[in-house]
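Asks: Dropping the sequence and predicted coords here.
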There are 2 protein chains.
Amino acid sequence: MKIAPEELLRQHNLSLTAVRLALLEALHANPHSDAARIFDVVHNKIAAASKQAIYNNLNTLVECGIVREIKPKGQASLYETRTGDNHHHIVCRSCAGVFDTDCHDCAPCLTPKDSHGFVIDEAEVIFWGVCPSCQNNHNSKGKNNAEC
Amino acid sequence: MKIAPEELLRQHNLSLTAVRLALLEALHANPHSDAARIFDVVHNKIAAASKQAIYNNLNTLVECGIVREIKPKGQASLYETRTGDNHHHIVCRSCAGVFDTDCHDCAPCLTPKDSHGFVIDEAEVIFWGVCPSCQNNHNSKGKNNAEC
DNA sequence: TTAAAAATTTTGAATCAATCAAAATTATTT
DNA sequence: AAATAATTTTGATTGATTCAAAATTTTTAA
Ligand SMILES: [Mn+2]
Ligand SMILES: [Mn+2]
Ligand SMILES: [Zn+2]
Ligand SMILES: [Zn+2]
């Protein structure tokens, strides 16, 4: 977020509300977190905040393009403020940790071999594997690993 | 499925059951369908079949590698019998239709720019766009398109 | 600065895919 | 054919997300 949250909201004709500002702050500090996690952080700052408001705003912000949503198989939707750069993600099969990885900006990643006549606007890539921590903790088969 | 379903199941030490065979047949005839759809097809052939058996078997078959699961954002899990070739998918934002596309077998698609020390075993790619039918039906903004 | 209008939030209920659990049935092994 | 193991059925349950309506807040306009 180079641009201040307040401006960002104004640019998209969104009301400036306490929950919304807290949400953007929470997301910026905790990339790839789900609605429950964001709610925890926001609720910690604004006791009256509801989970529904988190869902409402996440949807609104995603529609506006202010927030990006990803949904790795087996997890709730994850959100981040890093948008517009078409970066990709690496997900750990063991602990479900998510990391960013930049896009090789090469044709193969952006163009399918057979487009079936589609007008394509996005190539979403998720790399699956096992993270360094989980490689060490051999006892964490299939289970989440606290260290990750 | 080059190999007969019966053999396939035997090879993986799975009991040969009516539901299982019907499921594999249904999946082969309807690639990229969800559990509900598969249940419909199976149930049509075996009146006594339960949805739970479909879920049980889909999980079992995915674990065995006989069936592949994908889960495009906003849809229930989809299943297919085409496995082991690391092919990718194109999904229509308008009608949710799913199509196969072969993998460019090039390094960029298989290797992230920064692996963060992960041991990576799969690169899952989903291309998002609008299919030919939906490009024509301009009135189908955001809604599913019966033609697709 | 205020009243009216519009947008957001809260609250509580509802959906829906998917899973859990236990008893009943079926398949496989002996 | 009996014993054992695996699968299926049935019914309840979970959990993320959405829906809906009343209450509150923000924005707009007077
Ligand atoms: Mn990211
Ligand atoms: Mn496919
Ligand atoms: Zn890990
Ligand atoms: Zn379409």
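Replies: Great, that's in hand. Predicted model only: the values in this text are computed from it and were never measured. Ligands and ions are numbered 1, 2, ... in the order given.
Asks: Next one: residue A:25 from residue B:25, what distance?
Replies: Separation of residue A:25 from residue B:25 (Cβ to Cβ, to the nearest Å) stands at 53 Å. Any C-beta I mention is one placed from the backbone N, CA and C, and that applies to glycine too.
Asks: for residue A:64, same thing?
Replies: From residue A:64 to residue B:25 the distance is 45 Å (Cβ to Cβ).
Asks: Listing partners with orientation, what would you give for the longest strand anywhere in chain A?
Replies: In terms of residue count, the longest strand belonging to chain A (DSSP state E) is strand A:119-130. Sheet partners assigned to strand A:119-130 using DSSP bridges are listed as strand A:88-92 (parallel), strand B:119-130 (antiparallel).
Asks: and chain A, which residues reach DNA strand C?
Replies: A:14-15, A:17-20, A:46, A:48-53, A:56-57, A:60 (Cβ under 7 Å from any atom of the strand).
Asks: For residue A:58, give me phi and psi.
Replies: phi -60, psi -50 (degrees, to the nearest 10).
Asks: need the strands for chain A, in chain order.
Replies: A:33-34, A:68-70, A:78-80, A:88-92, A:98-101, A:119-130.
Asks: residues in contact with the closest residue to residue A:115 other than its chain neighbours?
Replies: Counting by Cβ to Cβ, 6 or more residues apart in numbering or on different chains, the nearest residue to residue A:115 once its immediate chain neighbours are dropped is residue B:90, at 6.9 Å. By Cβ atoms under 8 Å, 6 or more residues apart in numbering or on different chains, the residues touching residue B:90 are A:112, A:115-116, A:118, A:120, B:98-101, B:126-129, B:131.
Asks: returning to what we had before: highest average neighbour count across the strands paired with strand A:119-130?
Replies: Across the strands paired with strand A:119-130, the average number of neighbours (mean count of other Cβ atoms under 10 Å in any protein chain shown) peaks for strand A:88-92, which reaches a mean of 23.
Asks: where does residue A:25 sit relative to residue A:42, distance-wise?
Replies: 8 Å.
Asks: In chain A, which residue is most central in space?
Replies: residue A:79 (2.6 Å; Cα atoms, centre = their mean).
Asks: Make sure that one is actually in contact with residue A:36.
Replies: No: Residue A:79 is beyond contact range of residue A:36, at 11.3 Å (criterion: Cβ atoms under 8 Å).
Asks: which one of the contacts of residue B:90 sits closest to DNA strand C?
Replies: residue B:98 (14.1 Å; Cβ to the nearest atom of the strand).
Asks: mind exporting the longest strand of chain A as CSV, just the C-alpha atoms?
Replies: What follows is strand A:119-130 as a C-alpha-only set of coordinates in CSV (Å, rounded to 0.1, in the frame of the first residue of the first chain):
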residue,chain,number,x,y,z
VAL,A,119,-10.4,-14.1,-23.5
ILE,A,120,-8.0,-14.7,-20.7
ASP,A,121,-7.3,-12.1,-18.1
GLU,A,122,-5.4,-13.9,-15.4
ALA,A,123,-3.1,-16.9,-14.9
GLU,A,124,-3.3,-18.0,-11.3
VAL,A,125,-0.4,-20.3,-10.2
ILE,A,126,-0.1,-22.2,-7.0
PHE,A,127,3.0,-24.2,-6.3
TRP,A,128,2.5,-27.0,-3.9
GLY,A,129,5.2,-28.5,-1.7
VAL,A,130,6.7,-28.8,1.7
